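**Q** Provide a 3D model corresponding to the input given below.
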Amino acid sequence: MDDLDAARAFYTEVLGCAVGRSKPESCVFNLHGHQIVAHRVAEMPTLSTNPVDGKAVPAMHFGLVLEWDAWHAMRDRLEAAGQTFVVGPYLRYADEPGAQATMFIRDPAGNHLEFKSFKDDAMIFDASWSHNAPEA
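**A** As a prediction, this is how the structure comes out:
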């Protein structure tokens, strides 16, 4: 993060995180029970993307799996806040065992975050199912 004040505002006001430990050079946020730590850096790296479903998905990102209703509430919260989506909310693999809702956003420093939800939570780490269509 090159601007901790902007990070603090984004993570608390847009995403609804609680603030934990905070120092001039770093800040800890509680994102749905997961720790996000923002460290002040002089410059953020340039990030690349990969094609997935015809979309440019950030290759380096943090992903958080939410329950189905919580994902929709997060989508509504982000839309109400006027958040710009890197990849807008959509449903992948509709009517298949691995059906999942996903969306990507970027924080003020350019870090990419993915919010995902599965219609069937048993599919989150199920290695027996795979969608064989090309990703691009």
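
**Q** So which residues of the chain form strands?
**A** All strands of the chain, identified by DSSP state E, fall at 18-23, 26-31, 34-39, 49-52, 55-58, 62-65, 85-92, 100-106, 112-118.

**Q** Throw those into TSV and include mean pLDDT, thanks.
**A** Shown next, in TSV, are the strands of the chain (pLDDT from 0 to 100):
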stretch	mean pLDDT
strand 18-23	94
strand 26-31	94
strand 34-39	91
strand 49-52	89
strand 55-58	87
strand 62-65	91
strand 85-92	95
strand 100-106	96
strand 112-118	95
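
**Q** Between the ones you listed, which one is closest to residue 71.
**A** Nearest to residue 71, of all the strands of the chain, is strand 112-118, at 3.4 Å by CB to CB. Yep, even glycine has a C-beta here, placed from its N, CA and C like the rest.

**Q** what packs against the closest one?
**A** strand 62-65, helix 68-80, strand 100-106 (3 or more CB pairs under 8 Å, 6 or more residues apart in numbering; DSSP states H and E).

**Q** which of these is buried the deepest?
**A** Comparing the helices and strands packed on strand 112-118 by mean neighbour count (mean count of other CB atoms under 10 Å), strand 100-106 comes out on top with a mean of 21.
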